[in-house]
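# Compute the structure for the input listed below.
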Amino acid sequence: MTTSTPKWHLPQATSDTQFSAEHLLGLHAHVYFEAATEAAAEALREKTIAEYAGREVEVYRLIRTPVGPHPVGMFEIDFSQKMFADVVLWLERERGDLSVLVHVLSGDEYYDHTQGALWLGPQQSLRLSFLKKRSE
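Below is the predicted model of the structure:
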């Protein structure tokens, strides 16, 4: 699959490394929920599956307990760079009161979830000790 490369660059992760768009492995969105918002998360998940069927978007199952850096339940959406604007703008419109973390996949988990991330809705406190930095 060939995609065009956007002409933007991400902020520097370290003083000697710059992650450019052509080096990204893709993008993730994590949609967070708690018991009171689980039904809304499941509805958004199903709506996402229907909206992006047959496109460069994968939607995964609900994970109801904290896992890795994610402090509450969530489900993940994986998508390509070419789908970035479409997916992010759609999530912002459809997410309701749910928080969504959107981040790059650069190979540096810590960078990806901090400097290489944006939030839709309230920011969650990630458990950053679970994340590996590129140098580790």
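
# Please give the element, helix or strand, for the residue nearest the centre of the chain.
Of all residues in the chain, the one closest to the mean position by CA atoms, centre = their mean is residue 29, 2.3 Å from it. Secondary structure from DSSP states H and E places residue 29 in strand 27-33.

# helices and strands around that strand, which ones?
Applying 3 or more CB pairs under 8 Å, 6 or more residues apart in numbering; DSSP states H and E, one finds that strand 27-33 contacts helix 38-51, strand 73-79, helix 84-94, strand 99-104. C-beta: built from backbone N, CA, C; applies to glycine.

# make it 6 Å
In terms of contacts (3 or more CB pairs under 6 Å, 6 or more residues apart in numbering; DSSP states H and E), strand 27-33 is packed against strand 73-79, strand 99-104.

# For the last one, which strands pair with it and how are they oriented?
Next to strand 99-104 in the sheet, as set by DSSP bridges, lie strand 27-33 (antiparallel), strand 117-120 (antiparallel).

# Tell me the helix or strand right after it.
Following strand 99-104 in sequence, per DSSP H and E, is helix 109-113.

# Many thanks, I have nothing further to ask.
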